[in-house]
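[1] structure, please.
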Amino acid sequence: MPELRYDILSGTYTITASERSKRPNDFRSAQEHKEPVPETDPGCPFCVGNESETPPEVYALRDSGAENEPGWRVRVVPNKFPALRPTETEEVDPGRVDTQITPEVDDTSMYWSMPGIGAHEVVVESPLHNGTLGDYTVDEMTEIIETLKQRYRVLCDDKYIKYVQIFRNWGPQGGASLLHPHFQIIGLPLMPPEVSTEMFRFREYESKTGRCLMCDYVERETEKDERVALRNEEFIVLCPFASRFSFETLIVPRKHSVTFSELDNDKARQLAEVFASLFRAYEDLFSSLSYNIVFHTLPTPRRSRKPPTDHWHIHVYPRLNVEAGLEKGAAVWINPTPPELAALQFGGKG
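    Predicted coordinates:
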């Protein structure tokens, strides 16, 4: 019988349709074998040798060469077509930029707006046009994570940026417009609703129990061991109880940690190990998988008015099931793959 499950982090619901459970090879669109991707594409702006086709780099890890030349291992550039623009490129009235204010729910909010300032960067994670997260070594993945952390810290220091969103789109259903592997980082001048909802859930739970919601969730999921996909000393990968997407996963520090920027070198490497193992498993299960990776992490605590109770984490949303009328109209999701089954496919113990 289908089961309606409640997600304690988002307050949304998922219908886990057990009788419609699908094994990985039933997701035919994710099993289609594409033509091999070359190591270099002369027409790709992110490939080695085409550095002049992007805005000037703001950060890079290099083996050789000068700025904006070949020789880099990881390269960060402003997005050529940014969703938001830095304040130095725009004439902004400071009176219209108050990141503490959101519109009141009354007739004055019908046409509320503010300048679209912030930041939008691309982290070109590899010189290889055909690189994938499942192909990288732990050392390569560690460098990518360290680069994300470095740019996250820089953007958090911008006084006009209230929240920094790290994400990765992969595949056509994931919204990727370029094939070359890359993360994106957007600095927003406001706290987005999805994150605000999670923050509220954390604070509500803490006010009632005196404990961290995510710490308790990780502890209980570890005890049950039904939805654990992977783990090492510092991180655990869960298939969430109320997963909205088939084979959805949640990467969480096992010890309480408020922000991604707290990550030290050892923990960055352990996160890299988890990433490499998880995406090797995804790529073994699906030859052509679209997905989104979304970091949920607050700015450093010194930017907060009081010590936050949040616990940073990373969502991985495979785009295997289609968002249709129920999802878009009621924000109630149908997932044909129970997370307990998904965890088994990753090698987790039921």
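[2] quick one: low-confidence ranges for the protein?
    1-2, 4, 18-34, 87-109, 300-308, 348-350 (pLDDT under 70).
[3] list the buried residues in the particular helix or strand that has Arg280 in it.
    Element membership of Arg280, judged by DSSP states H and E, is helix 265-285. Buried positions in helix 265-285, judged by neighbour count with 16 or more other Cβ atoms under 10 Å: 267-279, 281-282, 285. C-beta coordinates here come from the backbone N, C-alpha and C atoms, glycine included.
[4] which outside residues touch it?
    Identification of contacts with helix 265-285 by Cβ atoms under 8 Å, 6 or more residues apart in numbering yields 24, 132-134, 136-139, 141-142, 144-146, 149, 229-235, 237, 247, 249, 251, 253, 263, 289, 291, 316, 318, 345-347.
[5] wait, is Gln184 part of a strand?
    Yes - looking at Gln184 with DSSP: H, G, I helix; E, B strand; the rest coil, it is inside a strand.
[6] returning to that earlier point: next secondary structure element downstream of the helix holding Arg280?
    strand 291-296.
[7] relative orientation of that next one and helix 265-285 in degrees?
    With axes from the mean of the first three to the mean of the last three Cα atoms, to 10 degrees applied, the angle from strand 291-296 to helix 265-285 works out at 160 degrees.
[8] from here on, call the first residue 516.
    Okay, residue one is now 516; in that scheme the one you just asked about reads as strand 806-811.
[9] what number of residues lie near the closest residue to Arg718 other than its chain neighbours?
    Leaving aside its sequence neighbours, Arg718 sits nearest to Thr824 (Cβ to Cβ, 6 or more residues apart in numbering; 5.8 Å). Burial of Thr824 is recorded as 21 neighbouring residues (other Cβ atoms under 10 Å).
[10] kindly report the same for Glu518.
    Other residues within reach of Glu518, judged by other Cβ under 10 Å, total 11.
[11] show me the contacts for the most centrally placed residue in the chain.
    Taking Cα atoms, centre = their mean, the centroid of the chain lies closest to Val809, which sits 1.5 Å from it. For Val809, the contact set (Cβ under 8 Å, 6+ apart) comprises 680-682, 829-832.
[12] and with 10 Å instead?
    By Cβ atoms under 10 Å, 6 or more residues apart in numbering, the contact set of Val809 is 680-684, 709-710, 828-832.
[13] what pairs with it across the strands?
    According to DSSP bridges, the residues that bridge with Val809 are Phe682, His830.
[14] ok, now Arg746?
    Residues in a beta bridge with Arg746, per DSSP bridges, are Ile751.
[15] same check on Ile849?
    Here Ile849 sits in beta bridges with Ile530, going by DSSP bridges.
[16] pretty sure it contacts Glu518?
    No - with contact defined as Cβ atoms under 10 Å, Ile849 does not count as touching Glu518 (11.3 Å).
[17] overlap of the contact sets of those two?
    With Cβ under 10 Å, 6+ apart, Ile849 and Glu518 have common neighbours 529-532.
[18] ok, so of those, who is nearest Ser567?
    Minimum distance to Ser567 across the shared contacts of Ile849 and Glu518 is 46.8 Å, recorded for Thr529 (Cβ to Cβ).
[19] find the nearest non-adjacent residue to Val789, please.
    Phe750 (4.6 Å).
[20] for the one you found, give me its contacts.
    By Cβ under 10 Å, 6+ apart, the neighbours of Phe750 are 733, 766-770, 782, 785-790, 793, 828-829.
[21] between these, which sits nearest Ala581?
    Nearest to Ala581 among those: Ala787, at 27.9 Å, using Cβ to Cβ.
[22] for Leu648, give me the backbone phi and psi.
    Taking degrees, to the nearest 10, you get phi -60, psi -30 for the backbone angles of Leu648.
[23] now swap in Ala744 and tell me
    Main-chain dihedrals, Ala744, degrees, to the nearest 10: phi -90, psi -50.
[24] one more: the one 3 residues further on?
    Asn747 adopts backbone torsions of phi -140, psi -160, taken as degrees, to the nearest 10.
[25] next, count neighbours for Val733.
    By the criterion of other Cβ under 10 Å, Val733 has 24 neighbours.
[26] for it, what are its contacts?
    So Val733 contacts 727, 743, 746, 750-751, 753, 765, 767-771, 826, 828 (Cβ under 10 Å, 6+ apart).
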